[in-house]
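Student: Mind looking at a prediction? Sequence and model below.
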Amino acid sequence: MFQNTYNQLEEEDDEQAKRFYCNETERRKRKRPVKAGSQSSFVNVFHTVLLVAWATSICQAQHEGSVVASYRTYNDSINFTHVVVDYQTGRVYVGATNWLYQFNSSLDVEFNVRTGPVEDSIQCFPTGCSDQQLSTANNVNKVLVIDHEAGMLIACGSVHQGACRRHSLQDIGNHEKLVPVPVAANDENSSTYAFIGPARYSGLLPSRVLYVATTNSRLGPYRDVVPAICSRSLEPGKLFTIIERSFSSIARVDVSFHLRDYYLVNYVYGFHSGDYVYYATVQRKSHLRALEEWGYITRLSRICVSDVGYDTYTEVTLQCIGEDGTDFNLLQDASVVRAAGDLAADLRVDPGSDVLIGVFAASKDHTTRPSAYSAVCAYSLSEIEQRFTENIHMCYNGSVLTRDMDYIAGSINQCPEPGVSDLLFS
């Protein structure tokens with residue numbers, strides 16, 4: 001359950017805020033564009049304690065020891081990094097170091113494709129270069145996404161500046177040429193998370209885009225062209241390019257230039273629910289070097305699917321607190337599920353409602369090294385939305401001056417001056 005120290009907002013105010021927030025990009029021609037949303041450290045903390053009995057019931061529901069099928073490679077140089085399942089066909093696709101695999105539903109190998117090693121340099125653009133010394137580089141799979149509408153598997157590797165290509169879902173050996181656009185991280189360890197989600201950009205064609213979040217690897221001269229979070233086109237002829245309406249309205253958000261090499265955000269999970277796209281991250285509590293000892297926290301960022309300029313980008317902090325007060329501050333992995341039965345009752349949501357399930361670890365110290373202690377926490381998306389809405393109200397009524405996102409580039413961090421907006425909240 002959530003710990004809520006603030007009164008419930010009126011339902012009509014919630015709906016008004018939501019409508020205004022997601023339509024904000026249509027109001028950009030006003031004399032003073034209103035920036036919606038806020039992030040306040042004392043209001044946006046999601047606090048839930050998941051009882052051990054609930055976690056145990058999940059474990060007991062599994063069929064322990066029953067292995068349906070397995071596959072093992074004895075090549076020590078191959079590390080599996082991503083697995084996606086096509087629930088329409090039962091096929092399983094695996095991204096690995098220097099390889100892609102396609103399995104049937106019995107986990108028999110249907111096709112495999114070698115993707116590396118390749119001759120590459122972090123100094124070269126994806127199209128290559130002739131004035132740099134190339135070296136043999138492993139190609140670590142960074143993105144693996146099924147595009148059912150196109151019948152394609154999108155795969156991006158760490159070589160060629162994180163460029164991507166599409167493979168046929170029927171036979172991954174049939175693939176298109178590499179698209180020379182930097183998309184993913186260009187090293188083994190920096191995070192990249194991508195998924196296909198809806199887009200309702202007024203006046204623009206795409207109804208779905210590839211949402212991508214990428215940690216700055218700090219390697220080579222082309223990392224600045226890769227945003228922290230962005231929407232990329234799935235249209236032929238524009239494949240993987242960043243969506244933009246105008247020079248000042250581009251579907252991207254960046255970490256401030258002077259902080260990019262220091263303030264590194266780890267993107268753990270991404271998803272869409274309702275009118276919003278979300279990313280779950282692990283990042284420093286403060287962007288100030290003098291406050292490194294504050295350590296790390298988990299945050300959830302959000303953008304409206306109708307916002308082509310990412311002006312609605314905002315964040316809140318997720319907390320997973322144990323019954324003994326332990327702060328499990330490092331998100332390890334997450335998933336969105338539909339609540340049913342006991343889970344719906346425990347979270348006080350309707351059956352079928354979206355619920356974010358996260359696996360967290362407590363950090364050993366002020367670094368991202370996890371300790372031996374972990375926990376599972378559940379958050380209903382309706383409660384999460386309430387926290388975002390509360391922050392929007394506080395931003396507009398002058399209770400806070402900023403959204404506490406000083407590391408984000410541009411003026412998106414600022415709240416509007418009280419009285420500037422013609423939207424009033426009671």
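Tutor: Structure received. Numbers count the residues shown, from 1 in each chain.
Student: Quick check: residue 352 is in a strand.
Tutor: No: counting by DSSP: H, G, I helix; E, B strand; the rest coil, residue 352 is not found in a strand; it is coil.
Student: Wait, it touches residue 340, no?
Tutor: Yes: under the criterion of C-beta atoms under 8 Å, residue 352 makes contact with residue 340 at 7.2 Å. Just so you know, the C-beta spots here come from the backbone N, C-alpha and C atoms, and that holds for glycine as well.
Student: Looking only at neighbour counts, state which of the two leads.
Tutor: More neighbours surround residue 340 than the other of residue 352 and residue 340, with 12 against 9 (other C-beta atoms under 10 Å).
Student: In contact with the more buried one, which residues?
Tutor: 351-352 (C-beta atoms under 8 Å, 6 or more residues apart in numbering).
Student: got it, and residue 242?
Tutor: Residue 242 neighbours (C-beta under 8 Å, 6+ apart): 227, 230-233, 250-252.
Student: now for the residues you listed, which pair is the farthest apart?
Tutor: Farthest-apart pair in the contacts of residue 242 is 227 and 233; separation 13.8 Å (C-beta to C-beta).
Student: coming back round to it: out of the contacts of residue 242, which comes closest to residue 184?
Tutor: Using C-beta to C-beta, residue 232 is the member of the contacts of residue 242 that lies nearest residue 184, at 10.9 Å.
Student: That closest one pairs with what?
Tutor: residue 210, residue 242 (DSSP bridges).
Student: Give the helix, strand or coil label for the residue located most distally from the centre of the chain.
Tutor: For the chain, the largest distance from the centre (C-alpha atoms, centre = their mean) belongs to residue 131, which lies 36.0 Å off. Look at residue 131: counting by three-state DSSP, its state is coil.
Student: Look up phi and psi at it.
Tutor: Phi and psi for residue 131, reported as degrees, to the nearest 10, are phi -110, psi 10.
Student: pLDDT weak spots in the stretch 51-200 of the chain?
Tutor: Within the stretch 51-200 of the chain, the ranges that satisfy pLDDT under 70 run 51-65.
Student: Let me see the ranges of the helices in it.
Tutor: Remark: helices assigned in the stretch 51-200 of the chain by DSSP state H, counting those that start in this stretch are 52-61.
Student: how about the strands in it?
Tutor: For the stretch 51-200 of the chain, the strands defined by DSSP state E, counting those that start in this stretch cover 80-85, 92-96, 99-103, 109-114, 118-120, 135-137, 141-147, 152-157, 164-168, 192-198.
Student: Strand partners (parallel or antiparallel) of the second one?
Tutor: Each strand pairing with strand 92-96, determined using DSSP bridges, is listed with its direction: strand 80-85 (antiparallel), strand 99-103 (antiparallel).
Student: what bridges to residue 358?
Tutor: Going by DSSP bridges, residue 358 is paired in beta bridges with residue 334, residue 377.
Student: In contact with it, which residues?
Tutor: Contacts for residue 358 (C-beta under 8 Å, 6+ apart) come out as 269, 280, 298, 318, 320, 331-334, 376-379.
Student: Turn the residues you listed into a markdown table, including pLDDT, neighbour count and distance to residue 106.
Tutor: Formatted as a markdown table, these follow (pLDDT from 0 to 100; neighbours: other C-beta atoms under 10 Å; distance: C-beta to C-beta, whole Å):
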| residue | pLDDT | neighbour count | distance to residue 106 |
| --- | --- | --- | --- |
| 269 | 97 | 20 | 29 |
| 280 | 97 | 22 | 33 |
| 298 | 96 | 24 | 38 |
| 318 | 93 | 27 | 38 |
| 320 | 94 | 27 | 37 |
| 331 | 96 | 24 | 33 |
| 332 | 96 | 16 | 30 |
| 333 | 95 | 11 | 26 |
| 334 | 96 | 22 | 29 |
| 376 | 94 | 18 | 31 |
| 377 | 94 | 24 | 35 |
| 378 | 92 | 19 | 33 |
| 379 | 93 | 26 | 36 |
